[in-house]
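K.L.:
sequence first, then the predicted structure:
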Amino acid sequence: MIGIETQEVKRKEHLILKILNDSQQPLGARIIARYLKDRGVNLGERAVRYHLKLMDERGLTRLVSRNGRLITDLGTEELGNALVRDKVGFAISRIELLAFRTYFDWEKGSGLVPVNISLFPKSKLEKALQAMKPVFDAGICVSDLVAVAGEGEQLGELVVPHGRIGLATVCSIVINGTLLKAGVPMDSRFGGILQMRNHQPFRFVELIHYAGSSLDPSEVFIRARMTSVRDAAKTGNGKILANFREIPALCLPTAEAVVSRLKEAGLGGLMIMGNTSEPVCEIPVELNRIGMIFIGGLNPVAAAEEAGIEAENYAMSTVMEYQKLIKFEEVMS
């Protein structure tokens, strides 16, 4: 019993450190407790304060104001050396968490939608936008709705650091979350590189299963320069980021209705919805289930990377108010 309790304490401390690490400013126990609740951990303000005191004593955090703490270098190191069992499957956990936090009311045109955050050097933003424009024009994105923030400003829960410009792109998990609210369970299987031929999806040439990865597959593929999104946008032939999901066949009518309403709101992302129990782009599908391929939300950023403009990416990182998003063409003007 003691061992189990110790592991539980470590998991809570790891989450607290993660929250502090993601923040550019000191956080107090009340705010941390709220962020923990968003992550499915109900820990009261008093209990958070107790954990923070213990972490102060170990040098993982430090008090910088009356009610605020920052993570220390030792805390950052501890976060990087987190328990292996906490890391394995982290990508699937993030998908499930963001799907739960997503809530979009298409009738009111409001709610929270999941986004990826990319941080560009201020001096290279204009060049990055030019590299991304053909990808948005070709529709190789979940949505042409984005958000831009300067240093010190927030995108969701992330504060843009000094010398950077933040760009939020809509994540395909918006479909997961909206289907979840409609009562449709979804199995998120993997993220991969999808080969395009004549503007049509052909087959997956690389894939990483979410359940066995601590990183978002899109971040891995972008960093490894494995995409050719600019070619796909220009000629219809290339390799783009995409994701594979499955839903029960009985849920097809509901899924089609939800996807249609999302598309009307400028939130797309669905490339293919297959037939019951039939393979999709050479990927086998379980019995009485339907395979779905979603466009990766970071495809525009991958195009910028191909053009030699590196960004610091935080895929599947947070949620934002739908009404705070603007058309990409407005950013260009």
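P.N.:
Sure, I can see it. Numbering: from 1, shown residues only.
K.L.:
what segments of the stretch 1-150 of the chain are strands?
P.N.:
Assigned by DSSP state E, counting those that start in this stretch, the strands in the stretch 1-150 of the chain fall at 61-63, 69-71, 103-105, 110-121, 145-149.
K.L.:
between those, which one is nearest to Ala255?
P.N.:
Among these, the nearest to Ala255 by CB to CB is strand 103-105 (15.0 Å). For the C-beta atoms, the positions are set from N, CA and C on the backbone; glycine is no exception.
K.L.:
in the closest one, what counts as buried?
P.N.:
Using 16 or more other CB atoms under 10 Å as the test for burial, strand 103-105 gives Phe104.
K.L.:
what about it, distance to the chain center?
P.N.:
Mean-position distance between strand 103-105 and its chain equals 17 Å (CA atoms, centre = their mean, to the nearest Å).
K.L.:
that older thread, which of the strands of the stretch 1-150 of the chain sits most buried?
P.N.:
Highest mean neighbour count among those (mean count of other CB atoms under 10 Å): strand 110-121, with a mean of 23.
K.L.:
relative to strand 145-149, how tilted is that strand?
P.N.:
50 degrees (axes from the mean of the first three to the mean of the last three CA atoms, to 10 degrees).
K.L.:
pipe the strands of the stretch 1-150 of the chain into JSON lines and attach distance to Thr254 per row.
P.N.:
Shown next, in JSON lines, are the strands of the stretch 1-150 of the chain (distance: least, CB to CB, whole Å):
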{"stretch": "strand 61-63", "distance to Thr254": "45"}
{"stretch": "strand 69-71", "distance to Thr254": "43"}
{"stretch": "strand 103-105", "distance to Thr254": "15"}
{"stretch": "strand 110-121", "distance to Thr254": "18"}
{"stretch": "strand 145-149", "distance to Thr254": "24"}
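K.L.:
is Gln195 bridged to anything, and to what?
P.N.:
With DSSP bridges as the criterion, Gln195 is bridged to Arg203, Lys239.
K.L.:
just to revisit the earlier point, which one, of the strands of the stretch 1-150 of the chain, ends up nearest to Gly139?
P.N.:
Checking those against Gly139 by CB to CB gives strand 145-149 as the closest, at 12.9 Å.
K.L.:
how about the helices in this structure?
P.N.:
Using DSSP state H, the helices of the chain run over 2-22, 29-38, 45-57, 73-80, 84-87, 90-101, 125-137, 173-181, 217-223, 229-235, 252-264, 299-306, 328-332.
K.L.:
so what sits opposite Tyr103 in the bridge?
P.N.:
Leu112.
K.L.:
so it versus Ile19, what's the distance?
P.N.:
Going from Tyr103 to Ile19 by CB to CB, to the nearest Å gives 21 Å.
K.L.:
what does Arg58 give?
P.N.:
17 Å.
K.L.:
more neighbours: which of those two?
P.N.:
Per other CB atoms under 10 Å, whichever of Arg58 and Ile19 has more neighbours is Ile19, with 21 against 12.
K.L.:
pretty sure the more buried one is touching Asp38, no?
P.N.:
No: counting by CB atoms under 8 Å, Ile19 does not reach Asp38; the two are 9.5 Å apart.
K.L.:
any regions of this protein where pLDDT drops low?
P.N.:
Scanning the chain for pLDDT under 70 picks out 1-8, 40, 82-89.
K.L.:
domain ranges for it?
P.N.:
Per the record, the chain has its domains at 2-87, 88-333, by automatic domain parsing.
K.L.:
how about the residue lying closest to Leu17 once chain neighbours are set aside, what does it touch?
P.N.:
Nearest residue to Leu17 in three dimensions, chain neighbours excluded: Leu79, at 4.7 Å (CB to CB, 6 or more residues apart in numbering). When contacts are counted by CB atoms under 8 Å, 6 or more residues apart in numbering, Leu79 touches 14, 17-18, 21, 71.
K.L.:
do the same with Ser188
P.N.:
Taking CB under 8 Å, 6+ apart, we find Ser188 in contact with 92, 95, 176, 210, 243, 245.
K.L.:
beta partners for the last one?
P.N.:
In this case it means Arg245. The partner residues for Arg245, given DSSP bridges, come to Ser188, Met292.
K.L.:
tally of neighbours for it?
P.N.:
Using other CB under 10 Å, Arg245 is surrounded by 24 other residues.
K.L.:
repeat that for the first one.
P.N.:
Around Ile92 there are 18 other residues, counting by other CB under 10 Å.
K.L.:
please apply the same query to the fifth one.
P.N.:
By other CB under 10 Å, 28 other residues sit near Asn243.
K.L.:
His209 versus that one, what's the distance?
P.N.:
According to CB to CB, Asn243 and His209 sit 11 Å apart.
K.L.:
residues that sit against both of the two, list them.
P.N.:
Counting by CB under 8 Å, 6+ apart, the shared contacts of Asn243 and His209 are Phe190.
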